[in-house]
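Engineer: fold the following for me, if possible:
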Amino acid sequence: MDTKIVIENAEIFNGKDPETVKGNILIENNLIDKISAQPLPPETTAGATVIDGTGKFLMPGLIDAHWHAYLCCNTMADLLAGEPSYTYLVAGREATATLLRGFTTIRDAGGPVFGLKRAIDNGVLEGPRIYPSGAMISQTSGHGDFSPVYEQAHGDCCCGLAHVEELGASRVVDGPVAVTAAVRENLKKGASQIKLMAGGGAASLYDPLDVTEFFDEELQAAVRAAEDWGTYVMVHVYNPRGIARALKAGVKSIEHGHLIDEATMALLAESGAWLSMQAFALEDNTYPSPVQQAKHVQITEGTDRTYNLAKQYRVKLAWGTDLLFNPKNTKNQNHGIVKLQKWFSNFEILKMVTHDNAQLLGMSGARNPYPGTLGVIEEGAFADMLVIDGNPLEDISLIEHPEPAFKVIVKDGSIVKNTLGTQESA
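Structural biologist: This next block holds a predicted model:
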């Protein structure tokens with residue numbers, strides 16, 4: 001059934017230009033059909049649902065380029081031993097909450113979300129568009145290896161799969177052949193890009209931050225397999241050696257990078273790859289073991305230096321949250337955007353979390369699950385947008401409080417939330 005929505009007299013931020021324009025928007029089905037500074041003609045808007053946006057700010061829906069739709073809302077205990085059906089239901093509930101926080105699109109950086117994506121796309125439940133990576137691919141003892149230290153329960157072992165691998169949260173493989181197979185398995189399931197672990201992390205037990213994970217030939221195998229399917233590889237890594245090795249292999253998106261040095265940042269800029277960063281701060285997480293907490297502290301101490309180097313070398317920057325295993329913390333997703341004001345102007349922040357993040361997601365090429373234009377307000381683009389009470393170009397803190405501030409949320413041409421009311425056009 002054809003649908004029309006008109007939003008009138010709003011201050012429009014298009015996602016990529018600092019100047020706003022006051023105007024009217026016609027949404028037809030799931031696309032932005034018309035943007036006009038002048039009133040839209042009656043014959044164009046006949047039968048439309050009309051929303052009065054007078055005094056309100058209209059912008060593209062938010063994009064989180066490093067979200068874990070399953071892992072963010074389930075605890076580590078759930079991941080290791082929880083009943084799968086329960087954890088999937090929790091992820092479904094969290095997806096709806098994510099959308100109501102204004103995130104109309106997320107790139108999932110690893111986890112079993114193919115069923116969740118299908119449920120959202122088919123209208124079974126409400127949630128953001130999902131660009132899925134599938135299981136995080138890790139070497140033995142790597143950042144995605146959650147098996148007990150005394151077990152050998154990997155896919156290439158006669159003992160079978162560990163529980164987290166059975167869930168599809170991670171895949172532990174060693175050697176180019178096994179890496180290639182793991183990449184192809186994710187692509188077969190519908191991955192839009194591939195996620196590998198190329199260095200240590202805080203949430204894992206075995207791998208210090210300084211270790212480099214996967215050999216050159218293993219990373220190259222993953223990149224080749226992804227490129228054969230028209231898409232790219234993203235890697236979790238903090239340290240310079242791991243970043244340099246990943247870039248040499250052809251990886252297109254470095255996730256985190258908080259321990260990078262200047263020489264490696266220059267290499268990253270030269271490569272044209274993206275740096276998908278998070279404004280990690282000490283208060284963001286508290287880990288159960290002293291070793292993990294110490295790693296967390298080291299990472300957060302690198303946040304300021306990394307952002308400053310990225311700006312200095314004009315690296316292509318994306319933004320994401322990387323919230324993990326902390327259901328009580330997911331409500332702080334928007335706070336990660338507000339923290340960026342230490343390094344960026346309000347315009348730079350809004351552009352990063354809309355237009356720029358969309359450019360990164362678009363690198364999935366032929367594997368893009370939503371071929372079309374995201375992250376902007378322009379004719380022909382997907383109708384994903386927010387109507388906000390107040391101007392975040394002047395006060396970015398409005399983004400942190402979506403419940404009172406976001407008066408209207410539209411995703412894929414459907415009204416998800418509307419507290420302004422509607423009227424029917426004649």
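Engineer: domain parsing for the protein?
Structural biologist: 4-60+376-424, 62-367 (automatic domain parsing).
Engineer: of all the residues in stretch 200-214, which ones are buried?
Structural biologist: Buried residues in stretch 200-214, counted by 16 or more other Cβ atoms under 10 Å: 200-205, 207, 209, 211-214. C-beta: built from backbone N, CA, C; applies to glycine.
Engineer: what is the nearest of those to residue 112?
Structural biologist: residue 203 (16.9 Å; Cβ to Cβ).
Engineer: where's the closest one relative to residue 292, distance?
Structural biologist: 7 Å (Cβ to Cβ, to the nearest Å).
Engineer: can you check residue 286 too?
Structural biologist: Counting by Cβ to Cβ, the gap from residue 286 to residue 292 is 9 Å.
Engineer: kindly report the same for residue 88.
Structural biologist: Taken as Cβ to Cβ, the span from residue 88 to residue 292 is 26 Å.
Engineer: and what of residue 272?
Structural biologist: As for residue 272, its distance to residue 292 is 34 Å (criterion: Cβ to Cβ).
Engineer: shaky segments in the protein?
Structural biologist: 1, 151-161, 426 (pLDDT under 70).
Engineer: let's go with 90 and repeat that
Structural biologist: Applying pLDDT under 90 to the chain flags residues 1-2, 43-44, 76-82, 146-167, 203-207, 282-292, 324, 326, 421-426.
Engineer: can you pull out the strands in the stretch 1-150 of the chain?
Structural biologist: Taking DSSP state E, counting those that start in this stretch as the criterion, the stretch 1-150 of the chain carries its strands at 4-12, 21-28, 31-36, 49-52, 57-60, 62-67, 103-108, 129-131, 136-138.
Engineer: hmm, who's touching the third one?
Structural biologist: When you say that, I think you mean strand 31-36. 12, 23-27, 40, 44, 372, 377-383, 413 (Cβ atoms under 8 Å, 6 or more residues apart in numbering).
Engineer: burial count for the nearest residue to residue 168 once chain neighbours are set aside?
Structural biologist: Excluding its sequence neighbours, the residue lying closest to residue 168 (Cβ to Cβ, 6 or more residues apart in numbering) is residue 112, at 3.6 Å. When neighbours are counted by other Cβ atoms under 10 Å, residue 112 registers 24.
Engineer: report the contact partners of residue 112.
Structural biologist: Neighbours of residue 112 in contact, by Cβ under 8 Å, 6+ apart: 70, 88, 134-135, 167-169.
Engineer: how does it look with 10 Å?
Structural biologist: 69-71, 84, 87-88, 91, 132, 134-135, 164, 166-170, 189 (Cβ atoms under 10 Å, 6 or more residues apart in numbering).
Engineer: kindly report the same for residue 280.
Structural biologist: Applying Cβ under 10 Å, 6+ apart to residue 280 gives the contacts 202, 256, 258, 296, 299-303, 306, 321-322, 336, 339.
Engineer: for residue 303, same thing?
Structural biologist: 256, 258, 277-282, 339, 342-343.
Engineer: is it true that residue 277 touches residue 257?
Structural biologist: Yes. Assessed by Cβ atoms under 10 Å, residue 277 is found in contact with residue 257 at 6.6 Å.
Engineer: buried ones among the contacts of residue 303?
Structural biologist: Counted by 16+ other Cβ under 10 Å, the contacts of residue 303 give 256, 258, 277-280, 339, 343 as buried.
Engineer: next one: the helix ranked longest in the chain to chain centre, how far?
Structural biologist: Scanning the chain for the helix with the most residues, using DSSP state H, yields helix 84-100. Offset of helix 84-100 from its chain centre (Cα atoms, centre = their mean, to the nearest Å): 16 Å.
Engineer: check stretch 279-297 too.
Structural biologist: That offset, for stretch 279-297, works out to 21 Å (Cα atoms, centre = their mean).
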